[in-house]
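Asker: Sharing a model that was predicted from the sequence below.
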Amino acid sequence: MSRVFSGIQPSGVPTLGNYLGAIRNWVPLQDTQEAIYCVVDLHAITQWQDPADLRRQTREMAATLIACGLDPRRCILFVQSHVRAHAELAWIFNCVARLGWLNRMTQFKDKAGKNQEASSAGLYVYPNLMAADILAYHATKVPVGEDQKQHLELANDIAQKFNHDYGVDFFPTIEPLIQGVAARVMSLRDGTKKMSKSDPSDQSRINLNDDADAIAQKIKRAKTDPEPLPDHLAGLEGRPEARNLVGILAAITGTLPENVLREHGGQGFGAFKNTLTEALVAHLAPIQGELKRLLEDPAALDAALGLGAQRAEAVAEPIVAKARDIVGFLPRV
């Protein structure tokens, strides 16, 4: 059984895009892989966070993962900062990775924009911490989106250089885990942009804790075009908003976009949006109920995360201890 690792930043309650594009796909891996999932709060502070908000959002993200189907008894679920091996191995990797490699990372340029000189050093070396997250567990598979493939390549470069520099075969090769066609959910206001919590307009996204009225209003106001829905996929060319809504209904009902068009082709968006709203409300209601229950008992949630951290440490600490020995650190007696 392969070991899988994935992490998600504590940005509060996730969006529908986070759920359909990533979180939902993690659930079945609990039964086919040794699955390790992490709320990556160390990554979050590469940009300043209000401490109270960070604590609240970390709990919200952990609770949402459980509500979406991650079972702390079937996977290892924990908070990144609770396991010190991540930060320790990241420092070793800071000394293995080359500046030239980091200079090629496009995500730093995207996030820092024109203010690179004012950005934190943590944001710059973020990919080294991501490599440590994975390799501290000798994980060999990582579910990744297109925006993370470059970081996975860097993680393998770091692993190979460590092995080469110290003459060992210690860190394994990591492979991207492809789970079929991932749902790519776009903004409800602009079908060419990814649905994101960073969008200033709350109308651009469905949050997993939006109630039925909020979902109905957001779908009703979602941008569309004046043409009716086509009855075949080719008819969605050049219609990003129509493609997005069709894709959301297909993903939420577990079918294919072509099947959605076969059933709803020729409809106007008024009727189609009603169908989409009903499907979203029905699918999200159980998740929202469980999320509410979990957040009403933070002590139980924290206890579950504490046990997850213990299980994660049991895997990571021997691996990072061996890395310390390979590097030549004097052992503590």
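Answerer: It's in.
Asker: Can you give me the separation between Gln310 and Glu317?
Answerer: Distance from Gln310 to Glu317, counting by CB to CB, to the nearest Å: 10 Å. The way it works is simple: take the backbone N, C-alpha and C, and place the C-beta from them, glycine included.
Asker: repeat for Gln47
Answerer: For Gln47, the distance to Glu317 - CB to CB - is 29 Å.
Asker: between these two, which one's more packed in?
Answerer: The neighbour comparison of Gln47 against Glu317 (other CB atoms under 10 Å) goes to Glu317, with 15 against 12.
Asker: doesn't Ala85 make contact with the more buried one?
Answerer: Yes: assessed by CB atoms under 8 Å, Glu317 is found in contact with Ala85 at 5.8 Å.
Asker: Now for the residue lying closest to Leu70 once chain neighbours are set aside: which residues touch it?
Answerer: In space, and not counting its chain neighbours, Leu70 is closest to Leu77: 5.6 Å by CB to CB, 6 or more residues apart in numbering. For Leu77, the contacting residues are Tyr37, Cys38, Ala62, Leu65, Ile66, Leu70, Ala304, Leu305, Gly308, by CB atoms under 8 Å, 6 or more residues apart in numbering.
Asker: Check whether Leu77 sits in a helix, strand or coil.
Answerer: strand (DSSP: H, G, I helix; E, B strand; the rest coil).
Asker: ditto for Arg74
Answerer: Going by three-state DSSP: Arg74 is coil.
Asker: list the helices and strands the helix or strand hosting Glu278 packs on?
Answerer: Glu278 belongs to helix 269-295 when assigned by DSSP states H and E. Counting contacts by 3 or more CB pairs under 8 Å, 6 or more residues apart in numbering; DSSP states H and E, helix 269-295 packs against helix 51-67, helix 212-221, helix 240-253, helix 257-264, helix 298-327.
Asker: do that again at 7 Å, thanks
Answerer: On a contact count with 3 or more CB pairs under 7 Å, 6 or more residues apart in numbering; DSSP states H and E, helix 269-295 meets helix 51-67, helix 212-221, helix 240-253.
Asker: How about residues contacting the shortest one?
Answerer: Judged by CB atoms under 7 Å, 6 or more residues apart in numbering, the contacts made with helix 212-221 from elsewhere in the structure are Leu188, Gln203, Ile206, Lys273, Leu276, Thr277, Leu280, Val281.
Asker: avg pLDDT for stretch 61-72?
Answerer: Per-residue pLDDT over stretch 61-72 has a mean of 96.
Asker: again but with stretch 131-141, I slipped
Answerer: In the prediction, stretch 131-141 has an average pLDDT of 97.
Asker: can you check stretch 284-295 too?
Answerer: 96.
Asker: roughly how far is it from the heart of the chain?
Answerer: 19 Å (CA atoms, centre = their mean, to the nearest Å).
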